[in-house]
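**Q** Build me a model from this:
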Amino acid sequence: MSFFALVSGTLAADPQQRTGSTGKPFTTATVRVGDGDDGFTASCIAFGDAASRLLEFSKGEPIAVSGRAKLSAWVGRDGEQRRGLAITIAAGIGLDEKPEPRRKPSGPRKRAHRALLAPSGEIADDRIDDLWGAAP
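**A** Alright, predicted model coming up:
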């Protein structure tokens, strides 16, 4: 079962560009969400323009991504059961913590937003009313 998810966290490593068996490039990334026992990782993959934009981000940067997701589970090197999400990115945004240069030192800090958006036709329009059972 897949669903549409939005997660935010930090990049665990620099995104990596790869080439598929058809010769088309794609980008993979891992987003660390939360901390400690409550935290998990989201393995992300992006295609097309979103793949190119994802490469502009680097390890440690805050990022939010959304897209079709599946729950994943595996056994880690330490033998412990792990859980996470696998997301095919449809849209994302990163927040650059560096303030923009200003002439006047007063005023609130601005954050530069960088978006990686897929064409609107790629965003799912799934029904979710059956995810939690029948409505009362």
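
**Q** For stretch 27-45, give the mean pLDDT please.
**A** Over the span of stretch 27-45, the pLDDT mean works out to 88.

**Q** where exactly do the strands run in the protein?
**A** 3-11, 16-19, 25-33, 40-47, 62-75, 81-96, 112-117 (DSSP state E).

**Q** Save the ones you listed as CSV, and put in distance to residue 56 and mean neighbour count too.
**A** No exception for glycine: its C-beta is placed from N, CA and C like everyone else's. Shown next, in CSV, are the strands of the chain (distance: least, Cβ to Cβ, whole Å; neighbours: other Cβ atoms under 10 Å):
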stretch, distance to residue 56, mean neighbour count
strand 3-11, 11, 17
strand 16-19, 12, 11
strand 25-33, 10, 19
strand 40-47, 12, 20
strand 62-75, 11, 17
strand 81-96, 8, 19
strand 112-117, 6, 14
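
**Q** Nearest to residue 53, out of the ones you listed?
**A** Checking the strands of the chain against residue 53 by Cβ to Cβ gives strand 112-117 as the closest, at 3.4 Å.

**Q** Format the strands of the chain as CSV; extra columns: distance to residue 55.
**A** Shown next, in CSV, are the strands of the chain (distance: least, Cβ to Cβ, whole Å):
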stretch, distance to residue 55
strand 3-11, 11
strand 16-19, 6
strand 25-33, 6
strand 40-47, 9
strand 62-75, 12
strand 81-96, 12
strand 112-117, 9
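
**Q** Among these, show the one with the smallest mean pLDDT.
**A** In terms of average pLDDT, strand 112-117 trails the rest of the strands of the chain, at a mean of 59.

**Q** How many residues are close by residue 23?
**A** 6 (other Cβ atoms under 10 Å).

**Q** For it, give me the backbone phi and psi.
**A** Per-residue torsions, residue 23: phi 90, psi 0 (degrees, to the nearest 10).

**Q** Same question for residue 12.
**A** Note on residue 12: backbone dihedrals following degrees, to the nearest 10 are phi -80, psi -20.
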